[in-house]
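Q: Sharing a model prediction with you, sequence too.
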Amino acid sequence: MQLNRISGFIFFILSLNFSAVSQTLNLKVNKVLTIGGPEIEKEGYLFIAPQEAFTDSSGNIYVRDVVTTMGFHSQSIKKFDANGKYLLTIGKKGRGPGEFLRILSFCINQNNEILTYDEINRRYSIFSTGGKLLRNFRATKRGYFSLHALRTFSTNKFLIAHEQIPEYKINNVFTVFKSDMKKILFSFGTKKDFQNNTDPLFEEIFYYEKIPFALLDTTKLLGSHIYYNGCATFMENKDGKWISKEIKAHRCRYTNVDRIPEKYVKSGNYSAYKNPGGLIISSGYNGKVYGYLIRNFTAGIFPFQKDKFIQFILILIKKGEYEFGFNLFSDSGEFLGYQKIKNYTDIFNISF
């Protein structure tokens with residue numbers, strides 16, 4: 001499970017019960033466990049902005065937090081037992097073996113090994129669940145270090161999701177490696193597969209943003225741009241070839257906003273800037289203010305109940321007014337429905 005755009009000291013594990021009939025969802029969100037909180041002063045329990053969390057085969061929980069929200073640097077991973085008790089911290093700040101300057105991502109494989117990637121040291125490190133450094137190796141090629149997410153793909157294989165930065169000249173979004181990083185097995189997915197689900201007002205920053213995604217076994221993947229426009233991309237491996245299709249899902253549409261004329265959007269001659277009332281959109285051509293913009297964010301995508309995908313959506317309507325909910329998809333890429341989470345402010349402390 002990965003957490004994005006969450007601030008504060010409270011980390012939650014959620015359980016969900018699901019039934020679907022004719023795309024009508026009946027989802028119940030139950031708070032199962034709280035780790036940390038402002039009332040707990042012990043260092044091991046305090047969080048700034050948790051970025052990723054995974055469990056091992058024993059149910060222990062591993063959390064990658066940041067030391068500061070300026071650049072979102074992570075320099076260690078905290079381990080908790082299944083009941084939320086703090087056990088140990090893996091890694092510390094530094095350049096030496098087992099040390100980190102900026103952990104970009106981590107994952108836990110089927111052998112209960114923790115694989116991390118340090119962006120500044122350009123080094124992959126593998127730890128035991130007890131925190132012992134087992135081995136490490138340098139990322140020497142562009143395809144090895146231009147990533148934003150590291151995930152277990154299958155036994156002795158893992159997947160990298162690449163940052164879409166033009167100067168890196170990487171044509172694919174995903175690459176699968178052997179666990180020793182000595183061989184690229186295959187790559188799949190292109191920028192075009194995901195560009196259609198980007199809000200056109202934010203399309204120009206597509207290449208500099210991460211693509212939230214989730215894997216379902218080794219043959220199915222669901223992803224969507226962080227600036228979500230109501231579509232997701234489903235990818236499936238059929239006879240060795242990854243096929244993609246676009247799925248239309250729920251999105252909170254623009255209200256009280258005249259859309260900027262298409263020629264302004266395509267040319268980039270508009271500006272977006274914050275003020276106390278929300279996000280204002282104006283045109284660089286005629287100076288006209290077009291009003292408030294409702295922003296839809298993909299807050300995370302996860303596998304769900306072994307045969308579904310769940311996409312959490314955070315909707316910023318204007319300052320102080322949010323909606324939080326999720327889309328549900330089948331393992332064949334069909335949209336099952338959307339449900340708003342009521343009273344979500346009791347669960348998440350969201351800030352921008």
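A: Now that the structure is in, tell me what you want to look at.
Q: all helices of the stretch 101-250 of the chain, in order?
A: 142-145, 191-195 (DSSP state H, counting those that start in this stretch).
Q: where among these is the average confidence lowest?
A: Confidence, taken as mean pLDDT, is least for helix 142-145 of the helices of the stretch 101-250 of the chain (a mean of 62).
Q: List the contacts of residue 247.
A: By C-beta atoms under 8 Å, 6 or more residues apart in numbering, the residues touching residue 247 are 231-234, 329, 333-335. Backbone N, C-alpha and C define where each C-beta goes, glycine included.
Q: Among those, name the buried ones.
A: For the contacts of residue 247, a neighbour count by 16 or more other C-beta atoms under 10 Å gives the buried set as 231-234, 329, 333, 335.
Q: In a markdown table: the residues you listed, plus pLDDT and distance to residue 95.
A: Listed next are the buried ones among the contacts of residue 247 as a markdown table, based on pLDDT from 0 to 100; distance: C-beta to C-beta, whole Å:
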| residue | pLDDT | distance to residue 95 |
| --- | --- | --- |
| 231 | 85 | 42 |
| 232 | 91 | 40 |
| 233 | 93 | 38 |
| 234 | 96 | 41 |
| 329 | 95 | 42 |
| 333 | 93 | 44 |
| 335 | 94 | 47 |
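Q: and which of the contacts of residue 247 is nearest to residue 251?
A: residue 231 (8.2 Å; C-beta to C-beta).
Q: so the closest one sits right up against residue 245, yeah?
A: No. Counting by C-beta atoms under 8 Å, residue 231 stays clear of residue 245, with 10.2 Å between them.
Q: where in this structure is pLDDT low?
A: 1-24, 37-44, 69-72, 141-145, 164-169, 196-209, 252-295, 317-320, 343-352 (pLDDT under 70).
Q: mind checking how far the residue lying closest to residue 188 once chain neighbours are set aside is from residue 93?
A: Sequence neighbours aside, residue 242 is the residue nearest to residue 188 in space, at 3.9 Å (criterion: C-beta to C-beta, 6 or more residues apart in numbering). Distance, residue 242 to residue 93, by C-beta to C-beta, to the nearest Å: 39 Å.
Q: higher neighbour count, those two?
A: Neighbours of residue 242 and residue 93, each counted by other C-beta atoms under 10 Å, are more numerous for residue 242; the result is 19 against 12.
Q: partner residues bridging that one?
A: residue 237 (DSSP bridges).
Q: do you know how far it is from residue 113?
A: Computed as C-beta to C-beta, the residue 242 to residue 113 distance reads 27 Å.
Q: likewise residue 30?
A: Distance, residue 30 to residue 113, using C-beta to C-beta: 31 Å.
Q: Check residue 313 too.
A: To residue 113, residue 313 is 33 Å away according to C-beta to C-beta.
Q: Who has more neighbours out of the two?
A: residue 313 (24 against 17).
Q: Report the beta-bridge partners for the more buried one.
A: Beta-bridge partners of residue 313, as defined by DSSP bridges: residue 298, residue 325.
Q: list the buried ones in stretch 76-94?
A: Within stretch 76-94, the residues that qualify as buried are 76-80, 86-87, 90-91, counting by 16+ other C-beta under 10 Å.
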